[in-house]
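> Sequence below, structure please.
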Amino acid sequence: TGVVSVPTMLLWSDADKYILESAARRSEKYVMNDFRFEVLNGSHWMPDEQPGQVADLLLDWFSKYP
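Below is the predicted model:
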């Protein structure tokens, strides 16, 4: 398995039919840097359903890691 060496943010949706929360949370063990896990409401298609919230989270993350 690979290791991620860059800061990583994972956006997960509480109604995702394709990725279980437990699997998404296990991703952290492969990240050897800052890891942020954010839970949004909605389905697997967060950017389409909540573009403003996704954009705000990304802008906040990118401001910490330019």
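> Let's verify the residue most central in space within the chain: helix, strand, or coil?
Central residue of the chain (CA atoms, centre = their mean): Leu10, 1.5 Å from the mean position. Secondary structure assignment for Leu10 (DSSP: H, G, I helix; E, B strand; the rest coil): strand.
> just checking, it touches Ala24?
Yes: taking CB atoms under 8 Å as the contact criterion, Leu10 and Ala24 are neighbours in contact, 6.0 Å apart. Where C-beta positions appear, they are placed from N, C-alpha and C, glycine not excepted.
> shared neighbours, these two?
Common contact partners of Leu10 and Ala24 (CB atoms under 8 Å, 6 or more residues apart in numbering): Phe37.
> Which helix in the chain has the most residues?
Within the chain, and with DSSP state H defining each element, the longest helix by residue count is helix 51-64.
> Sketch out the low-pLDDT regions of this structure for me.
Per-residue confidence for the chain (pLDDT under 70) gives these ranges: 1.
> what does the helix or strand containing Val39 rub up against?
When elements are defined using DSSP states H and E, Val39 is found to belong to strand 35-40. In this structure, residues lying in contact with strand 35-40 by CB under 8 Å, 6+ apart are 7-14, 21, 24-25, 27-28, 46, 50, 53-54, 57, 61.
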